[in-house]
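Student: Here's my sequence, what's the structure:
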Amino acid sequence: QVQLVESGGGLVQAGGSLRLSCAASGGTFNGYDMGWFRQPPGKEREFVAAIRWSGGLTIFEDSVKGRFTISRDNGKNTVFLQMNNLKTEDTAVYYCNALLQFSEYSAPIWNWGQGTQVTVSS
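Tutor: Here you go, the predicted model:
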């Protein structure tokens with residue numbers, strides 16, 4: 001069973017940047033479309049961004065378009081989320097997962113990891 005480990009979160013002021021990483025143990029990301037999700041305080045988990053297995057296509061949730069970038073390094077079995085111009089509403093626990101479909105509505109394939117906390121202060 002693949003285990004996902006997210007890292008790179010922290011406390012940042014509004015307007016700042018963070019780069020999240022997602023690594024896998026016990027398996028590989030190769031061949032899988034991958035996505036980032038987040039769960040704001042008191043809310044359900046929501047889609048943020050996805051990247052095709054080849055890295056050639058990406059999709060984003062509307063509120064992060066133009067601010068977030070998703071990328072991957074298949075050789076290092078790692079997926080990244082570069083977050084710029086962060087806003088207080090980006091505060092959430094961020095998770096990654098493989099996707100059954102390349103879609104914001106796709107179900108995840110693996111068990112969720114622990115996530116990484118991102119807190120944006122005003």
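
Student: quick one: low-confidence ranges for this structure?
Tutor: The chain contains no residues with pLDDT under 70.

Student: ok, the closest residue in space to Val48 that isn't next to it in sequence to Asp62 distance?
Tutor: Spatial nearest neighbour of Val48, chain neighbours left out: Trp36 (4.4 Å); criterion: Cβ to Cβ, 6 or more residues apart in numbering. C-betas here are computed from N, CA, C, even on glycine. Between Trp36 and Asp62 the computed distance is 15 Å (Cβ to Cβ, to the nearest Å).

Student: Comparing these two, which shows the higher neighbour count?
Tutor: Trp36 (25 against 7; other Cβ atoms under 10 Å).

Student: Quick check, the more buried one in contact with Gly9.
Tutor: No: when contacts are counted by Cβ atoms under 8 Å, Trp36 is not listed as touching Gly9 (11.8 Å).

Student: Overlap of the contact sets of those two?
Tutor: Shared contacts of Trp36 and Gly9 (Cβ atoms under 8 Å, 6 or more residues apart in numbering): Leu20, Tyr94.
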